[in-house]
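Novice: would you be able to build a 3D model of this:
(one chain, ligands or ions: 2)
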Amino acid sequence: LHQEGIMTEFDGQCTEPQEQILLHELNHRVNNEFAAAISVVSLAAGRSGNSEVKAALSGVSELLHRYADVHRALQMPEHDTVLDAETYLRQLCLSISGSYLDHRKIKLVLATEPLRLQADRCWRLGMIVYELILNAARHAFSGGAGEIRVELSRAGAIAQCRVTDDGSVAPTVAPGRGLKIIDELSKSLGGRFVQKLGPRGSRSILAFSCANEANVTSRIPRQGGQTPGHAAQAFDDSPAIAPC
Ligand SMILES: Nc1ncnc2c1ncn2[C@@H]1O[C@H](COP(=O)(O)OP(=O)(O)OP(=O)(O)O)[C@@H](O)[C@H]1O
Ligand SMILES: [Mg+2]
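Specialist: Numbering: from 1, shown residues only. Ligands and ions are numbered 1, 2, ... in the order given. Next comes the predicted model:
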């Protein structure tokens, strides 16, 4: 390592919590690694005289760009603000489709209504949805085509997010890290998560309170708690949750 020239001075004051610094470092490192990999692959594509190799390497470079998009969409929010979860999920689903689903002919359908959430809660919801979509893509379709639906709706003070697919489940299921992370994230939202994996499709439902969010567009619940334009019907096994 050779270092010369510019000197940088830090005053030693640190205002960020340690976890945040570590997450920033992780994000920074992953972004750098994506950039480095994209640059190596693009240079190799440019240098190759073989059109098939060129096309394959360009495909890899494009895919790395899409993975980087997903990583960016799931980055910890910088500011303590309020986000529209519908817009957030749309952006996330677009990146996931482009990187994991389109080339496998897996269709991703998003049916949401506007829902204002604190940025941090929106991010946690995004990470749960990401893992559920990837689980369906990896485990439900045996390498073939299929459909995954993501629905977000609100009934009064309770938000419900459902992820369903029309694939199938293997005869034996071993819980991995993904479902544990989902469980922890659901708890951190003060919500409840239930999942039914089946031979003719799987469904996962997360219910959490949105009572304290800045829902300036709040709708008046109809009798029975359904809001007009409700995107998803409640299943019998919807997790029961009380507003906090
Ligand atoms: N939508 C689905 N369709 C069929 N099987 C599923 C689905 N979602 C989860 N599974 C099953 O549940 C198991 C546990 O999922 P989990 O996300 O915990 O682990 P994983 O995806 O195998 O590994 P990882 O730790 O990388 O997430 C999977 O291995 C799979 O067998
Ligand atoms: Mg998983």
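
Novice: against residue 155, how distant is the residue in the chain that ligand 2 sits nearest to?
Specialist: Per CB to the ion, the residue of the chain with the smallest distance to ligand 2 is residue 178, at 2.7 Å. Just so you know, the C-beta spots here come from the backbone N, C-alpha and C atoms, and that holds for glycine as well. As judged by CB to CB, to the nearest Å, residue 178 and residue 155 stand 27 Å apart.

Novice: is it true that the residue of the chain closest to ligand 2 touches residue 131?
Specialist: Yes: when contacts are counted by CB atoms under 8 Å, residue 178 is listed as touching residue 131 (4.7 Å).

Novice: the two: which is more packed in?
Specialist: Each of residue 178 and residue 131 had its neighbours counted (other CB atoms under 10 Å), and the higher figure belongs to residue 131 (19 against 16).

Novice: state the helix or strand in which that one lies.
Specialist: Under DSSP states H and E, the secondary-structure element containing residue 131 is helix 119-139.

Novice: in that helix, what counts as buried?
Specialist: When burial is assessed from 16 or more other CB atoms under 10 Å, helix 119-139 yields the following buried residues: 119-126, 128-137, 139.

Novice: quick check: buried residues in the helix or strand harbouring the residue of the chain closest to ligand 2?
Specialist: The secondary structure element spanning residue 178 is helix 177-188 (assigned by DSSP H and E). By neighbour count on 16+ other CB under 10 Å, the buried set for helix 177-188 is 178, 179, 182, 185, 186.

Novice: dump the residue contacts of the first one.
Specialist: I take that to be residue 178. Residues in contact with residue 178, defined by CB atoms under 8 Å, 6 or more residues apart in numbering, are 131, 134, 135.

Novice: distance of the first one from residue 161?
Specialist: Computed as CB to CB, the residue 131 to residue 161 distance reads 12 Å.

Novice: check the offset of the helix or strand containing residue 111 from the chain's centre.
Specialist: Element membership of residue 111, judged by DSSP H and E, is strand 106-112. Centroid displacement of strand 106-112 relative to its chain, using CA atoms, centre = their mean, to the nearest Å, is 13 Å.

Novice: is ligand 1 within reach of it?
Specialist: No: under the criterion of CB under 6 Å from any ligand atom, strand 106-112 makes no contact with ligand 1; the nearest approach is 11.5 Å.

Novice: neighbouring strands - and their directions - for that strand?
Specialist: strand 146-155 (parallel) (DSSP bridges).

Novice: how about the partner strand, which residues are buried there?
Specialist: Buried positions in strand 146-155, judged by neighbour count with 16+ other CB under 10 Å: 146, 147, 148, 149, 150, 151, 152, 153, 154, 155.

Novice: C-alpha coordinates for that strand, PDB please?
Specialist: Listed in PDB are the C-alpha atoms of strand 146-155, where the atom choice follows Å, rounded to 0.1, in the frame of the first residue of the first chain:
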ATOM      1  CA  GLY A 146     -45.000 -18.800 -12.100                       C
ATOM      2  CA  GLU A 147     -46.700 -15.800 -10.500                       C
ATOM      3  CA  ILE A 148     -46.000 -14.000  -7.300                       C
ATOM      4  CA  ARG A 149     -48.400 -11.400  -5.900                       C
ATOM      5  CA  VAL A 150     -47.600  -8.700  -3.400                       C
ATOM      6  CA  GLU A 151     -50.600  -6.900  -1.800                       C
ATOM      7  CA  LEU A 152     -50.500  -4.100   0.700                       C
ATOM      8  CA  SER A 153     -53.800  -2.800   2.200                       C
ATOM      9  CA  ARG A 154     -55.000  -1.000   5.200                       C
ATOM     10  CA  ALA A 155     -58.100  -1.600   7.300                       C
END
